[in-house]
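**Student:** A predicted structure for the sequence below; I have some questions about it.
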Amino acid sequence: MNKKLLCAALLAGVGLAQAANAQDFDDRWYLTGSAGFNIQDNDRGTRNAPFVGLGVGKFLNPNWSLDGELNYQNPEMDDNQDLNWSQYGISFDARRFFNAEGRNWAPYILMGLGYQRSEQEFDNFPSPNSPGERKDGNLAAKLGVGIQSALAGKRAAIRTELAYRADFDDGDFGSGSGGAALEGDDWYGDILASVGIVIPLGAPAVAAVPAPVAPACADLDDDGDGVNNCDDKCPGSQA
């Protein structure tokens with residue numbers, strides 16, 4: 001093989017490697033929607049409740065993605081279900097995927113940080129301004145695990161997740177507390193179990209097909225006389 005063919009082969013190999021690397025992960029932005037169950041910290045004095053989430057995200061490389069997600073839940077107080085207690089917030093979640101060749105799903109670990117806001121009514125008897133009301137926001141952190149189906153080249157992927165959220169709310173009012181903040185509770189730990197869908201935006205990227213390599217004159221013998229075109233003084237003569 002001469003130098004021209006060697007160079008052409010190397011260029012074609014680089015093109016194929018670039019195309020393969022482009023297909024390692026789907027770098028489109030995507031939307032997420034999830035629904036699940038929020039197992040409330042027992043110290044809150046609230047009942048477990050369903051929750052919903054809505055977000056947007058993107059894979060940064062084949063193993064890491066970053067999402068921003070809104071969440072909402074509306075649990076009821078154990079002792080007085082007529083009192084309102086709602087919670088909503090936003091989190092920024094990094095997921096580390098453990099991919100394997102030939103597998104169309106991947107487990108992952110989740111690490112998140114965000115902001116949670118609580119709007120809570122509490123028993124303020126005998127005050128005429130009962131029930132009392134509290135609105136407050138605070139930092140929240142999240143750790144979890146999950147499984148997600150492959151996204152590359154797909155219209156959607158399914159995600160199942162189990163996470164622990166630490167809600168650093170130190171001003172919560174317990175049911176029947178008479179308007180006094182719970183003592184000794186600087187934060188609460190809630191468990192979030194959910195199933196969600198991941199919908200990519202836009203068409204999937206198509207790998208570029210490398211242009212065919214034109215044969216070199218050293219490999220051609222147009223007149224069939226056994227002499228290649230490069231060395232043949234009359235390459236176009238009658239065979």
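**Tutor:** Looks like it came in fine.
**Student:** Flag the shaky bits of this structure, pLDDT-wise.
**Tutor:** 1-24, 81-82, 122-132, 171-185, 205-209, 211, 216-226, 228-239 (pLDDT under 70).
**Student:** can you pull out the helices in it?
**Tutor:** Here the chain has its helices, by DSSP state H, at 3-22.
**Student:** can you give me the strands for it?
**Tutor:** Along the chain, counting by DSSP state E, strands occupy 29-39, 49-59, 64-73, 85-97, 105-122, 132-149, 157-167, 188-200.
**Student:** Just the C-alpha atoms of the third one, please, in PDB.
**Tutor:** Extracted as PDB, the C-alpha positions of strand 64-73 are listed here (Å, rounded to 0.1, in the frame of the first residue of the first chain):
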ATOM      1  CA  TRP A  64     -23.300  12.700  33.200                       C
ATOM      2  CA  SER A  65     -26.500  14.700  32.900                       C
ATOM      3  CA  LEU A  66     -27.700  17.900  34.600                       C
ATOM      4  CA  ASP A  67     -31.400  18.600  35.200                       C
ATOM      5  CA  GLY A  68     -33.400  21.500  36.700                       C
ATOM      6  CA  GLU A  69     -36.700  20.300  38.100                       C
ATOM      7  CA  LEU A  70     -39.800  21.900  39.800                       C
ATOM      8  CA  ASN A  71     -41.700  19.800  42.400                       C
ATOM      9  CA  TYR A  72     -45.000  20.100  44.200                       C
ATOM     10  CA  GLN A  73     -46.700  18.200  47.000                       C
END
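**Student:** how far off strand 132-149 does that strand point, in degrees?
**Tutor:** Orientation of strand 64-73 against strand 132-149 (axes from the mean of the first three to the mean of the last three C-alpha atoms, to 10 degrees) gives an angle of 140 degrees.
**Student:** picking up where we left off before, residue 213: which of the strands of the chain is closest?
**Tutor:** strand 49-59 (33.0 Å; C-beta to C-beta). Just so you know, the C-beta spots here come from the backbone N, C-alpha and C atoms, and that holds for glycine as well.
**Student:** Next, the angle strand 85-97 makes with that closest one.
**Tutor:** Here strand 49-59 runs at an angle of 40 degrees relative to strand 85-97 (the same axes, to 10 degrees).
**Student:** before we move on, back to that, make JSON lines out of the strands of the chain and add distance to residue 213 and mean neighbour count.
**Tutor:** Listed next are the strands of the chain as JSON lines, based on distance: least, C-beta to C-beta, whole Å; neighbours: other C-beta atoms under 10 Å:
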{"stretch": "strand 29-39", "distance to residue 213": "36", "mean neighbour count": "17"}
{"stretch": "strand 49-59", "distance to residue 213": "33", "mean neighbour count": "17"}
{"stretch": "strand 64-73", "distance to residue 213": "36", "mean neighbour count": "18"}
{"stretch": "strand 85-97", "distance to residue 213": "37", "mean neighbour count": "19"}
{"stretch": "strand 105-122", "distance to residue 213": "36", "mean neighbour count": "18"}
{"stretch": "strand 132-149", "distance to residue 213": "38", "mean neighbour count": "16"}
{"stretch": "strand 157-167", "distance to residue 213": "37", "mean neighbour count": "18"}
{"stretch": "strand 188-200", "distance to residue 213": "34", "mean neighbour count": "18"}
